[in-house]
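# let me see the structure of the following:
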Amino acid sequence: MPLAQNWLLDSPPDTQVVVAQELVELRAPLVNVSRDDEGAWSFRGPGAAGEQTTVLALADVVNAWPHVASLDELRPGAVALWDWSGNGWQIGFPATTDPVRGVDLDEAKWPVLGEDAHAVVERAVVTGERPLTDIQRDEEGFSYVGPEQAADPTPEDYLLVPLADVVRRWPHSLPVVVALEVGEGVEWRHDAQQWESYRFTRA
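Numbers count the residues shown, from 1 in each chain. Purely as a prediction, here's the structure:
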């Protein structure tokens, strides 16, 4: 996987970091990031701190979970928790040694994430082999895809996934899902850490 472009974090891209196995297996959203006093990074979901972990390069984490790249202000000893309503990280220094836990997505707060809502997602984007760059909404629903490719994609290249689970995979996409109208799309601008909107038509 290529290194993230326009690197923003204060640790090098090849820094080895601890990642909860439930994140790697796409069973939970990445909502808890901490650094110990020496600056080592740990990435977790909303679960307890004692779950199984694996080691990845920091660049691989940023490529798979783009909302991590905005943590350029996370200093050693600090913790960042994802705020679903605010669409951003809340950063602070724990007052105690008790584990700090993140919060899972509350689907009931977002009617657009109803149980019948699904999204078409590029398989290689889900696994992190390719970065998520675009979200579009057409008459059939939402699609999450990576950069344009030379070869034409096939149906096997895509998955139909419950929309709530897609938002858990990419927490920073929640406001997009809430706001997009049919015929609208957004492109992720890594350097600016924000979505850029556009309109499209299907051929």
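
# contacts, neighbours, all on C-alpha from now
OK.

# just list whatever residues bridge to residue 43.
residue 19, residue 33 (DSSP bridges).

# can you check the one 10 residues further on too?
On the basis of DSSP bridges, residue 53 is bridged to residue 20.

# how close does residue 59 sit to residue 91?
From residue 59 over to residue 91 the distance is 21 Å, taken as C-alpha to C-alpha, to the nearest Å.

# hmm, I was thinking of residue 172
Counting by C-alpha to C-alpha - residue 172 and residue 91 are separated by 16 Å.

# just want to know which of the two has more residues nearby.
residue 172 (23 against 17; other C-alpha atoms under 10 Å).

# per-residue pLDDT, the more buried one?
Note on residue 172: pLDDT of 97.

# pretty sure it is in a strand, no?
No: counting by DSSP: H, G, I helix; E, B strand; the rest coil, residue 172 is not part of a strand but helix.

# how's the chain carved up into domains?
Listed domain ranges for the chain are 16-92, 107-199 (source: automatic domain parsing).

# stretch 79-87: end-to-end distance?
Using C-alpha to C-alpha, the end-to-end distance of stretch 79-87 comes to 16 Å.

# ok, now stretch 162-176?
16 Å.

# ok, and what's touching that stretch?
The set of residues external to stretch 162-176 that reach it, using C-alpha atoms under 8 Å, 6 or more residues apart in numbering, is 26, 28-30, 65-67, 84, 87-88, 105, 107, 113-119, 126, 135, 186.

# mark which of the residues you listed are buried, thanks.
Among the contacts of stretch 162-176, those that count as buried by neighbour count (16 or more other C-alpha atoms under 10 Å) are 26, 28-30, 65-67, 84, 88, 105, 113, 118-119, 126, 135, 186.

# looking at those residues, which are in strands?
Judged by DSSP state E, strands contain the following of the buried ones among the contacts of stretch 162-176: 88, 118, 119, 135, 186.

# tell me how far the third one lies from residue 159.
Distance of residue 119 to residue 159, computed by C-alpha to C-alpha: 8 Å.

# so what sits against both of the two?
Residues touching both residue 119 and residue 159 (C-alpha under 8 Å, 6+ apart): none.
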